[in-house]
Every structure is written in C-alpha cells, then in structure tokens.
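Student: A predicted structure for the sequence below; I have some questions about it.
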Amino acid sequence: MSISGKSDANRWEELQIARLLFGLSLEEQAEFDEFARKMPAEQAELFEHVVASLDVAWSDPTSMPLPEHLRNAIRSRALEELTTKVLQPVDKPTLVSVSAVRSGKLPWVVAVVCMALTVLTLVSTRSIEPVKQVSRDAAQLRAELISAAKDLVQVMWADGPTPISGAGGDVVWSPSQQQGFMRFRGLTMNTPTVEQYQLWIFDKNQSEQTPIDGGVFDIDSDQEVIIPIQAKLRVREAYLFAITIEKPGGVVVSSRERLPLLAAVN
Amino acid sequence: MQVSILPRVARGETNAIDECLDQYGGLVWSLACRLSPTTSDAEDAVQEIFVDLWRNAGRFREDLGAEVTFVSTLARRRLIDRQRKLRRNPEPQSIDETDGNLAAPQSRSRMELAEDGIRATACLEKLRQNERELLELSIYHGLTQTRIAEQTGVPLGTVKTLIRRALTQLRNCMQVGSRLHAEGGVQL
C-alpha cells in the first residue's frame, strides 16, 4: 500500500481520528497498523496529543474525585506489586468474545450443557434462599476482586439455547479466592414466587453431568445488576457458566428447558 | 513547574503511588465516567488504566509532553478499547448520556491547566461553533458518529468531515502555539 497518494493520506488521518474517538474494527485496526508501520511514530501521535489535551481541559477532577473504595483497591494493588519490586501487569483476564462463542464453539458448548443438564444432579447441599442482591456492596467487592486477584477469569455472557433478547454482561471468578460475581444487563426481571434464576458452574475436574450449583438469584431491576456467586463446592477449573430459569428455590435436576445465558472460558 | 511523579513510580517509590492517585485519580475517574456505560464499568476501567499506568510509567518522557497529557492519552486508549469491546446492541451510552441531558464541558481555569490544556482551549475558541459542538459530542460525551448525526440532524458524512477538519485545525494551531512558545515564550 502506498502512503504517498492523497487518498492514502486522507485515509490515514481518518483512521487515526476514528481510533481516537470511536475505536477501530479489526479490519480497520489491521489497516491502521499497516499505515503506522510506514509512517513516523510522531505523526500518529499528533491527533492523540490534541484529543488528550482537550480531555485534560474538559475534565473536572475536583468535583469528581476518585471514589475512596476504588482508590483503596488501586492503591493496595499497586503497593503489593511495589513491595515485590516488580511492577508486573495483572494477569490478563481470560476474555471470550461473544463472537467466538457464537461461532465455532457454540454448538459444542450447547451440546455439553444440554447433555449435562438432562441429568443435572445437585452436588452438594443447596441453599434454598436466593442470593442477596446488594448492588452497591457487590460492585465494591467486585472491583476489589478484579484489582486483587491475579488469577481472575472474566468471560462475557452469550446467548444460550433460549436467549433473552438484549441480555448480557459478564462473569468474573477467582479460583484462588473462590469468589466471583455475575453482572447482568437486560436480563428480564423475575417474580421470585413464580420462578428464579440459577447459576451452574461446569468444572473440568467434575463430571459434566454434575455441574456445581452457583446459587439461586433474582433480578429485580432493569438497570445493571451484580450478583455474588455462591458456589456450593470448591471450583477448581471452571470452563463454563450457565444460567437456567427454574421454579422458586431452584432445582436439583434441571429440565434445561430455559437456558438464556452461557459464558464459556477459553 | 510540577515535579513529575511517573518516573518515581517507575523507580518503585511507594509514596509516588499516593501522589499519582491524588494528582490524576480525579482526571481518570471523570474520563472513565464520561466514556463508560455504567458506574461499575467505569470502576473496572479505572483499575485497568492505573495498572497500565504503573506498567508504563517508565515510558513517560518529560521532554515530549506534560505528564497529565501522558496519563490522559493512556486513559483514553484504554477507555475507547473497552467501549469498542462492550459495544453490542444496543450501543452503550456513557453514564452522563443516560439522562438525555448532555451538558457542555466546563473548561478548567488557566491556573489549573497544564500548557497543553491551555493551548488546546485557546485553539478551540478559534473553531466554528458547530465544529466545537461536534468535538464536544465526540470527545467529551463519547458519542459515536452515527449518534452524533442522529442527535444533531447533520448528515453522517458531514459529521465525519467536520470532526476531522476541526481536529486538523486544532492540531495545526497547537503545533504553531507550541513552536512559538518554545522559541520565544509566547503563550496562546
């Protein structure tokens, strides 16, 4: 690709601006990278400098101080790393793109889940009480977990066999801390006396037919909801999280008729 | 002139962490709130940004620009990257967009701003009103070009053209200002 022509120069500017303001698609990013290899680095940074300067000019740090719990979480994480004298990045969360799940892997995932859920057996004593939904506290705890856990797994929810339109979010789970949170947007509010959501965790060290009960919970808001995971057994190596809709109190064996969300770990 | 914090962070000085959070915590948080769909997304983003900052502190060079601009650049990269990943249907809105009321940004006083910010604000005033508005919608409010077109009634192609023209003018203006400042202390 020549970058000497006017059209190439225009395209290069266009890509730089799109990258700064809106983000690039994979194809655009590849195109950007190709241009960037041929252009002096400082040229790619000029627009970035302009936008960053406006960001600074328009920011309002005094009226929007960093929340204390967030500051503490960031500080703890930083100091922990500094004391080891090595400023290492946090282990990159394992991210599974929705497209990956929806493409090649989905049939396999669905097959595993369906097979498992046909004979789904509760592995341990099951709590009848739904998981308490304490949004603000859960948000804080989730933020602290993400900051502190070096083995954090983070996966996006993807549509299951019976999807709920617009439902999404993610799951974070730390195997070492045996703690995790589900985050939902757009998941239909349920009436607890009629039906409840239930989380199942599929573990590589566990038979596919006996996933671990991750707790029964309710969605009582159309805003973002964060639910703590309450695994009833130790989760050693989770490879799939699944949400089913069950009768109040949850079930021991799922009929797998209603399975709106799945999150597969790479 | 403000003493740089990031080189001390890179050297592992623990008190530099607190100073960094004091100095830039509010900036990063306000950026994250503007460019994230929810508060918890903003919280996640801020943590990721500061991890990036600790990791890249050693790359900051005082001779190439202000520290605050370095922090802001790094924050925006991460936020746009997250925004892109999160962008599913429906398109995410920034926190301050959800109430439907897009307030105009308030520029900080000259006393508070680094040179880059002062220069950017001065150059911004030279743009046409509609160009300034489009920059506010895209940079400050984090709207996509499509949403800007919907909101303003300006055709999408024109939105792209005007944003690009405005940024090019700003870039040229800031380069001139920077050169004048370096040569003779003239400040915009």
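Tutor: Here it is on my side, so go on. This is a predicted model, so every value here is computed, not measured.
Student: going forward, measure contacts between C-alpha atoms and count neighbours the same way
Tutor: Will do.
Student: Please, where are all the helices along chain B?
Tutor: Counting by DSSP state H, chain B has these helices, from start to end: B:6-10, B:14-34, B:39-56, B:67-86, B:115-124, B:129-135, B:145-152, B:156-184.
Student: So which of the ones you listed is nearest residue A:46?
Tutor: Evaluated with CA to CA, the helices of chain B place helix B:156-184 nearest to residue A:46, the distance being 6.7 Å.
Student: what about residue 16, neighbour count?
Tutor: Looking at chain A here, since you left the chain open. Close neighbours of residue A:16, defined as other CA atoms under 10 Å in any protein chain shown, add up to 24.
Student: try chain B instead
Tutor: Neighbour count of residue B:16, defined by other CA under 10 Å: 18.
Student: Contact partners for it?
Tutor: B:5-6, B:8-9 (CA atoms under 8 Å, 6 or more residues apart in numbering or on different chains).
Student: List the residues that contact the spatially closest residue to residue A:53 that is not a sequence neighbour.
Tutor: What sits nearest to residue A:53 in space, not counting adjacent residues and going by CA to CA, 6 or more residues apart in numbering or on different chains, is residue B:117, at 4.9 Å. By CA under 8 Å, 6+ apart, the contact set of residue B:117 is A:53-54, A:56-57.
Student: just residue A:242 next, same as before
Tutor: Listed by CA under 8 Å, 6+ apart, the contact set of residue A:242 reads A:113, A:199-201, A:259, A:261-263.
Student: how does it look with 10 Å?
Tutor: With contact taken as CA atoms under 10 Å, 6 or more residues apart in numbering or on different chains, residue A:242 is in contact with A:110, A:113, A:117, A:157-158, A:160, A:198-202, A:211, A:213-214, A:259-264.
Student: And the contacts of residue B:16, which is closest to chain A?
Tutor: Nearest to chain A among the contacts of residue B:16, counting by CA to the nearest CA, is residue B:9 at 8.9 Å.
Student: and the gap between the most centrally placed residue in chain B and chain A?
Tutor: The centroid of chain B falls nearest to residue B:72 when counting by CA atoms, centre = their mean (5.4 Å). The span separating residue B:72 from chain A equals 5 Å under the rule CA to the nearest CA, to the nearest Å.
Student: right, and that residue touches residue A:58 too?
Tutor: No. Counting by CA atoms under 10 Å, residue B:72 stays clear of residue A:58, with 11.2 Å between them.
Student: what do these two both touch?
Tutor: With CA under 10 Å, 6+ apart applied, the overlap between the contact sets of residue B:72 and residue A:58 consists of A:52, B:27, B:31.
Student: any idea which of these is closest to residue A:244?
Tutor: residue B:31 (36.9 Å).
Student: what number of residues lie near the closest one?
Tutor: Other residues within reach of residue B:31, judged by other CA under 10 Å, total 29.
Student: re the thing from before, redo the helices of chain B as TSV? Include mean pLDDT.
Tutor: TSV is the format used below for the helices of chain B (pLDDT from 0 to 100):
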stretch	mean pLDDT
helix B:6-10	89
helix B:14-34	92
helix B:39-56	88
helix B:67-86	88
helix B:115-124	82
helix B:129-135	92
helix B:145-152	90
helix B:156-184	78
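Student: Need these in TSV (columns: distance to residue A:206).
Tutor: Formatted as TSV, the entries for the helices of chain B read as follows, by distance: least, CA to CA, whole Å:
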stretch	distance to residue A:206
helix B:6-10	44
helix B:14-34	40
helix B:39-56	31
helix B:67-86	32
helix B:115-124	57
helix B:129-135	54
helix B:145-152	47
helix B:156-184	53
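Student: Of all those helices, which one is nearest residue A:36?
Tutor: Taking CA to CA as the measure, the helices of chain B were each checked against residue A:36, and helix B:67-86 came out nearest at 16.0 Å.
Student: helices or strands up against that closest one?
Tutor: Under the contact criterion of 3 or more CA pairs under 10 Å, 6 or more residues apart in numbering or on different chains; DSSP states H and E, the helices and strands touching helix B:67-86 comprise helix A:6-21, helix A:41-58, helix B:6-10, helix B:14-34, helix B:39-56, helix B:115-124.
Student: quick one: it to chain centroid distance?
Tutor: 8 Å (CA atoms, centre = their mean, to the nearest Å).
Student: Can you point out the buried residues in it?
Tutor: Of the residues in helix B:67-86, those scored as buried under the neighbour-count criterion (16 or more other CA atoms under 10 Å in any protein chain shown) are B:67-84, B:86.
Student: try stretch B:127-141
Tutor: In stretch B:127-141, residues buried by neighbour count (16+ other CA under 10 Å) are B:127, B:131-141.
Student: Tabulate the CA atom coordinates of that stretch in PDB.
Tutor: Taking only C-alpha atoms (Å, rounded to 0.1, in the frame of the first residue of the first chain), the coordinates of stretch B:127-141 have been written out as PDB:
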ATOM      1  CA  LEU B 127     -13.100  26.900  15.700                       C
ATOM      2  CA  ARG B 128     -16.600  27.500  14.400                       C
ATOM      3  CA  GLN B 129     -19.400  26.900  16.800                       C
ATOM      4  CA  ASN B 130     -20.700  23.800  15.000                       C
ATOM      5  CA  GLU B 131     -17.200  22.300  14.900                       C
ATOM      6  CA  ARG B 132     -16.800  22.900  18.600                       C
ATOM      7  CA  GLU B 133     -20.100  21.200  19.300                       C
ATOM      8  CA  LEU B 134     -19.200  18.200  17.300                       C
ATOM      9  CA  LEU B 135     -15.900  17.800  19.100                       C
ATOM     10  CA  GLU B 136     -17.700  18.100  22.500                       C
ATOM     11  CA  LEU B 137     -20.200  15.400  21.500                       C
ATOM     12  CA  SER B 138     -17.500  13.000  20.300                       C
ATOM     13  CA  ILE B 139     -14.600  13.700  22.700                       C
ATOM     14  CA  TYR B 140     -16.400  14.800  25.800                       C
ATOM     15  CA  HIS B 141     -19.600  12.800  25.600                       C
END
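Student: Could you see whether chain A lies near it?
Tutor: Yes. Judged by CA under 10 Å from any CA of the partner chain, stretch B:127-141 comes into contact with chain A through B:135-136, B:138-140.
Student: gap between that stretch and the chain center?
Tutor: Centroid displacement of stretch B:127-141 relative to its chain, using CA atoms, centre = their mean, is 13 Å.
Student: how does chain B divide up, domain by domain?
Tutor: The record assigns chain B these domain ranges, following automatic domain parsing: B:1-92, B:107-188.
Student: Give me whichever of the ones you listed is most buried.
Tutor: A comparison of the domains of chain B by mean neighbour count, using mean count of other CA atoms under 10 Å in any protein chain shown, puts domain B:1-92 on top with a mean of 19.
Student: near chain B, which residues of the stretch 151-266 of chain A?
Tutor: By CA under 10 Å from any CA, the residues of the stretch 151-266 of chain A that approach chain B are A:156, A:165-169, A:183, A:223-226.
Student: For residue A:255, find the nearest of the helices of chain B.
Tutor: Closest to residue A:255 of the helices of chain B is helix B:67-86 (CA to CA; 31.9 Å).
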